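**Q** this one's structure only:
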């Protein structure tokens, strides 16, 4: 009985917090990362090494010391700058791809934002997204359009009073 209750509470937690969408995003990102790393390691880096005749540059290292103990075991202390350069190269390529994708997405959003607002055929008021709900079909009551809350064009002057003197 307690296990079923715990599972139901966990399901409610997943539904309420969108944790499942987060987990799916992490899994998709991990798969893309593996694919991208394989592309860099298995295709791009060997092609660059072949084109520039630099060999396996990702294994380049600086030997600081090499010692041999009594049993004949060799101990080497190295600085693996080739691996560091490879990781920095991966970072630079990844950053370029991410920036390019973000720029393309922003251009698509900007193109949608530059579309002129629709005009109501009855009152000639501009119809755009509501600033509070974001739903289309709401009248735009911004001061720039000079439209009051009743959908009529306002002149910007105070209404005259009907009091008799």
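**A** Here it is on my side, so go on. Model, not experiment: these values are computed from the prediction.
**Q** count of residues packed around residue 25?
**A** By the measure other C-beta atoms under 10 Å, the count of residues near residue 25 is 11. Where C-beta positions appear, they are placed from N, C-alpha and C, glycine not excepted.
**Q** following the helix or strand hosting it, which helix or strand shows up next?
**A** Residue 25 is part of helix 19-39, with elements assigned from DSSP states H and E. Moving toward the C-terminus from helix 19-39, the first helix or strand encountered (DSSP H and E) is helix 45-52.
**Q** tell me the helix or strand right after that next one.
**A** Under the assignment DSSP H and E, the closest C-terminal helix or strand after helix 45-52 is strand 62-68.
**Q** before we move on, the earlier item: what angle sits between the helix holding residue 25 and helix 45-52?
**A** 30 degrees (axes from the mean of the first three to the mean of the last three C-alpha atoms, to 10 degrees).
**Q** now do the buried residues in the helix ranked longest in the chain.
**A** Using DSSP state H, we find that the single longest helix of the chain is helix 81-113. When burial is assessed from 16 or more other C-beta atoms under 10 Å, helix 81-113 yields the following buried residues: 82, 86, 89, 90.
**Q** so what's the third one up against?
**A** I take that to be residue 89. Residues in contact with residue 89, defined by C-beta atoms under 8 Å, 6 or more residues apart in numbering, are 40, 45.
**Q** what residue spans form the domains of this structure?
**A** Described in terms of automatic domain parsing, the domain architecture of the chain consists of the residue ranges 1-54, 116-155.
**Q** for stretch 64-81, measure first residue to last.
**A** Using C-alpha to C-alpha, to the nearest Å, the end-to-end distance of stretch 64-81 comes out at 12 Å.
**Q** now do the SS call for residue 10.
**A** helix (DSSP: H, G, I helix; E, B strand; the rest coil).
**Q** residues making contact with the helix or strand hosting residue 7?
**A** Applying DSSP H and E as the criterion places residue 7 in helix 2-17. Helix 2-17 has contacts (C-beta under 8 Å, 6+ apart) with 19, 20.
**Q** surely residue 77 touches residue 64?
**A** Yes. Taking contact to mean C-beta atoms under 8 Å, the distance of 4.6 Å between residue 77 and residue 64 places them in contact.
**Q** pretty sure residue 70 is in a strand, no?
**A** No. Residue 70: not assigned to a strand; according to three-state DSSP it is coil.
**Q** next one: phi and psi at it?
**A** Backbone torsions for residue 70, taken as degrees, to the nearest 10, come to phi -60, psi -30.
**Q** tell me how many other residues surround it.
**A** Here the number of neighbours of residue 70 (other C-beta under 10 Å) works out to 5.
**Q** thank you, goodbye.
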